[in-house]
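Student: Build me a structure from this.
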Amino acid sequence: MTVTLSAETQPEVLPYRTFDTEVVALRRLSPSFLRVTVTGDELRDFADNGLDQRIKVILPLAGAGHGGFEHFPRETDWFLPWRALPDERRNPVRTYTVRSARPALREVDIDLVLHGDAGPASRWANRAVIGDRILLVGPDGRFDGPHGGLVWNPPAGAEVLLVGDETAVPAIAAILERLAPGTTGRALMEVPAARDALDDVSAPPGVELLWFFRGFGRTVGDLLVPALRELFPAAGRAADVADLPEGEVLWDVEELTGPSTGYAWLAGEAGMVVALRRHLLRDAGWPKGSVVSMGYWKYGVAGA
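Tutor: Model prediction:
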């Protein structure tokens, strides 16, 4: 017997959903980067949006049943129930950018930055093996509309500027791959070591790739901030830009309301991002809305 569901009984399709996945490949790209490829039947519905698409990665909880996800809330609005769980039942959750998605093959690549055992994601990555399970909260390709989790939105014909530390490199790489052939601009990436300049980061001929090798023991942004100031010297204070506290965790995405020939995307450590944004808007005179900035992380603060 065939049962046909009416529109009223069809399950609602929302922009995001939880995907059950398992690790199918691990590739060490460099001293600081590990590419984790996951698979799962549900990934056939994962939306391949490219660019800086953000997702949540839910890591297994030691000692929990169901592969480490016994207590993770599977309802659509999972965040508040997850936050309400006691510490011993709360799975570690971290935000990452999709490096690439192949729904037809039911695969997603996520590039993780390795930094010892300082955080749960890096600790998990250092011990990951084929067959490990993780959950992804990501865009559902069955949803007919914008999924959210994307920031990149330059005006047509704008010269682009992408600036970020190692945590922003996967997003920068994914954006560069989707740029139109005639796009011009620069991508500035600061990484711990020379071997972290990834071979598979490619861009249109008109976009210059600039790698900065910080070395270990230096503060993130030590090279990017002066490099940006040199490339875009001070040109007078923009009258509509308020001062920003140096240590503020910044997530600023404003619509461009006037003309601009440039578009800047800044991401990484929050203090560095604040300094980069302050210079472009306050000193170099870029118009508001032409600079989007995201504090992906902050020294001494654990984040999800």
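Student: Now do Arg278 against Trp286, distance only.
Tutor: Here Arg278 is placed at a distance of 11 Å from Trp286 (C-beta to C-beta, to the nearest Å). For every residue, glycine as well, the C-beta is placed using N, CA and C.
Student: So for the two, which residue has more residues nearby?
Tutor: Trp286 (23 against 20; other C-beta atoms under 10 Å).
Student: tell me the contacts of the nearest residue to that one once chain neighbours are set aside?
Tutor: The spatial neighbour of Trp286 that comes closest, neighbours along the chain excluded (C-beta to C-beta, 6 or more residues apart in numbering), is Leu280 at 4.5 Å. Neighbouring residues of Leu280 by C-beta atoms under 8 Å, 6 or more residues apart in numbering: 228, 232, 264, 266, 286, 291.
Student: now, the most widely separated pair of the residues you listed?
Tutor: Phe232 and Leu266 (12.2 Å; C-beta to C-beta).
Student: for the lengthiest strand in the chain, which positions count as buried?
Tutor: The single longest strand within the chain, with elements called by DSSP state E, is strand 16-28. For strand 16-28, a neighbour-count test (16 or more other C-beta atoms under 10 Å) marks 16-21, 23-24 as buried.
Student: for it, what is the average pLDDT?
Tutor: What strand 16-28 shows for mean pLDDT is 97.
Student: Show me what that strand is packed against.
Tutor: The helices and strands touching strand 16-28, judged by 3 or more C-beta pairs under 8 Å, 6 or more residues apart in numbering; DSSP states H and E, are strand 33-39, strand 133-139.
Student: neighbouring strands for that strand, and are they parallel or not?
Tutor: Note on strand 16-28: by DSSP bridges, its sheet partners are strand 33-39 (antiparallel), strand 133-139 (antiparallel).
Student: Any chance of JSON lines for these, columns mean pLDDT, mean neighbour count and distance to Gly116?
Tutor: Listed next are these as JSON lines, based on pLDDT from 0 to 100; neighbours: other C-beta atoms under 10 Å; distance: least, C-beta to C-beta, whole Å:
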{"stretch": "strand 33-39", "mean pLDDT": "98", "mean neighbour count": "20", "distance to Gly116": "13"}
{"stretch": "strand 133-139", "mean pLDDT": "97", "mean neighbour count": "23", "distance to Gly116": "20"}
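Student: I appreciate the help and will end here.
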